[in-house]
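>>> predicted model and sequence below, questions to follow.
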Amino acid sequence: MSSDTLFGAGPALPPAYPERAAWGTAPKLRQWQSEALEKYFANSPQDFLAVATPGAGKTTFALRVATELVERGIVNRVTVVAPTDHLKRQWADAAARVGLAIDPNFKNADGRHGNGFIGVAVTYAQVASKPMLHRAKTEAAKTLVILDEIHHGGDALSWGDGIREAFEPATRRLALTGTPFRSDTAAIPFVEYVEDGDGIRRSRSDYTYGYGQALRDHVVRPVIFMAYSGQMRWRTSTGDEMAASLGEAAVTKDITAQAWRTALNPAGEWIPAVLAAADKRLTEVRRTVPDAGGLVIATDHDDARAYAGRLKKITGESPTVILSDDVKASSKIEEFSADTTRWMVAVRMVSEGVDVPRLAVGVYATSTATPLFFAQAVGRYVRARRRGETASIFLPSVPNLMALANQLEAERDHALDRPTTGEEDGFALEEGLMEAANREEKASDSLTKQKFEALESQASFDRVLFDGGEFGTGGEMGSEEEFDFLGIPGLLDADQVGQLLRQRQQEQQSRRRGRAPEPVPADPAVPDHRQLTELRGQLAKNVSAWSARTGTPHGVVHTELRKACGGPAVAQANEEQLQRRLKKLQDWFIGRK
């Protein structure tokens, strides 16, 4: 049997596509998609990496590339590689809407895909388990390979080796990601790395469309982060009782991790109180967006089920629970996306790529804290359907999550050869501590026969984070100070959100002083938050470069800059203060004191 017969190479346009006019109607492209498409066909590269923020429309762009390549006879097969089975089906559904029949049910044991399909959708794990099978399929036809969320090519050595072996002979490879950075330094296949003079090789994309730009274009929603602190008390595995305030700056990282773990314990008071606050916020949003839904991202299956039970008591409605071992998980996600119920609870399955546009409120109730996971999780809430929709995400007030929330608009590249400082990209150390704490509960302690025990947790409203700024004076649960922010309307554009947050902040400060609030100016005297965001991004990149050159941790560099230039922390610094620090860094690079 020939390879063409076995793998179904087919003609340039298979029988399902006798002519272009019979294809589905292609959606109108956004400006960034048109620009990226023009750049793609101007260069006709074998490899093309498109980095676009979650919710921007990477799938639409990729499918337009695919249909054009098929129409021009450059390829006659399309293979989509996605992280999960659910995303395979999501890709197949999107492809069908533009007239491309992609088989998401293909199994390695099948040998060839079904008749009438132009290609298949597979997972990275599926390719890694049989790379030579997929290589033979790739060689048997002129194949376009779409690598969705390409950073997964670095998840495991076998995954990277597998996709490199399978797709090296592809006619074209189109790599997509919304978050091109990772906490490790594993090279990702088919991604170009360039050294920029500081000894660190960084990924180079062919087209980048970041969150900040997408927000300005009204392609994504503005995100309001609602941070909650509170008092925690727990017993360690050695029997010692500990207490700390969640997010307290003066404690060690391991105490922060234990306090964080205590807060997320479903038997305590912190998580039910935060869930109730998030449901109040959802009620406010649904006044203007009636089908708005919420998503709780949990650490594990037990917590997910327990959080769902708490939500049922709060709302009187059973949430949709999505667990990775549930064979009905994909259909449950699709049903939730199409209906108007209030809440969904999931572990990791809905953290990346899954498209549920009506999600508007989230609770980040997980111990996973890498920049990659955080950005993907936030990406579930930012897809804009109409101008003015906002996203509200509730999270524990711990330093690393606060930093990630404040840096939402920062663009990062995947860096290799990074020096090991214990703080790179953030917070791998804190995540490791949290994971160790979670394992501690499940592993028996043969010496003491005692386990970590969360004793007590109390929640309090801490602050709101938006566009790099912080708002609110704190308050008890259910207080006027908290509801000032829970009650923000659900339809506001980014500028209106910033204006309203400043107004609420001033009202709270005035109440504390016991006098009427002064009006918040809405004129050019108000700081330009876009300019501040851009300057913060420039400063972060320059600090990173100086850290790489000198081996000095990022936090120490920032501290030295503050000592040299004066002013508050980056999040509170004004334009002049940020410019002064950038100038000081420039002096350091050229050897001036």
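Done, it's in. Numbering: from 1, shown residues only.
>>> mind pulling up the pLDDT for residue 231?
Note on residue 231: pLDDT of 88.
>>> list the buried residues in whichever strand or helix holds residue 454.
For residue 454, the enclosing helix or strand under DSSP states H and E is strand 453-457. Buried residues in strand 453-457, defined by neighbour count with 16 or more other C-beta atoms under 10 Å: 454, 457. C-beta here means a position set from N, CA and C on the backbone, and glycine is covered the same way.
>>> what helices or strands is it leaning on?
Strand 453-457 sits against strand 231-235, helix 253-264, with contacts defined as 3 or more C-beta pairs under 8 Å, 6 or more residues apart in numbering; DSSP states H and E.
>>> who touches it?
Where contact means C-beta atoms under 8 Å, 6 or more residues apart in numbering, the residues beyond strand 453-457 that reach it are 230-235, 241, 261-263, 265, 267-271.
>>> one more time with 6 Å, if that's ok
By C-beta atoms under 6 Å, 6 or more residues apart in numbering, the surrounding residues in contact with strand 453-457 are 232-235, 262-263, 265, 268-270.
>>> that strand pairs with which strands, parallel or anti?
For strand 453-457, the paired strands and their directions (DSSP bridges) read strand 231-235 (antiparallel).
>>> next SSE downstream of the partner strand?
Next along from strand 231-235, by DSSP H and E: strand 241-245.
>>> partner strands of that following strand and their direction?
Assessed with DSSP bridges, strand 241-245 is paired to strand 231-235 (antiparallel).
>>> before we move on, the earlier item: reformat the contacts of strand 453-457 as CSV; add distance to residue 222 and neighbour count.
Shown next, in CSV, are those (distance: C-beta to C-beta, whole Å; neighbours: other C-beta atoms under 10 Å):
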residue, distance to residue 222, neighbour count
232, 31, 28
233, 36, 17
234, 36, 24
235, 41, 17
262, 31, 28
263, 26, 28
265, 31, 21
268, 31, 21
269, 31, 16
270, 27, 29
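>>> from those, pick the one nearest residue 313.
residue 269 (13.3 Å; C-beta to C-beta).
>>> residues in contact with that closest one?
457-458.
>>> run the last query once more with 7 Å
By C-beta atoms under 7 Å, 6 or more residues apart in numbering, the contact list for residue 269 reads 457-459.
>>> residue 454 versus that one, what's the distance?
10 Å (C-beta to C-beta, to the nearest Å).
>>> and if you look at residue 61?
When residue 61 is compared with residue 454 (using C-beta to C-beta), they lie 46 Å apart.
>>> could you do residue 579 as well?
Taken as C-beta to C-beta, the span from residue 579 to residue 454 is 46 Å.
>>> what of residue 101?
51 Å.
>>> burial measure for the residue lying closest to residue 589 once chain neighbours are set aside, as a count.
Using C-beta to C-beta, 6 or more residues apart in numbering and skipping the chain neighbours, the partner closest in space to residue 589 is residue 546 (7.1 Å). The number of residues packed near residue 546 is 18, by other C-beta atoms under 10 Å.
>>> break the protein into its domains for me.
3-215, 221-411+427-465+479-492, 529-589 (automatic domain parsing).
>>> format the ones you listed as a markdown table; extra columns: distance to residue 498.
Output for those, formatted as a markdown table (distance: least, C-beta to C-beta, whole Å):
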| stretch | distance to residue 498 |
| --- | --- |
| domain 3-215 | 11 |
| domain 221-411+427-465+479-492 | 8 |
| domain 529-589 | 6 |
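>>> tell me which of those lies nearest to residue 471.
domain 221-411+427-465+479-492 (4.5 Å).
>>> if we can go back for a sec, how about the helices and strands packed on strand 453-457 in TSV, adding distance to residue 208?
Output for those, formatted as TSV (distance: least, C-beta to C-beta, whole Å):
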stretch	distance to residue 208
strand 231-235	40
helix 253-264	33
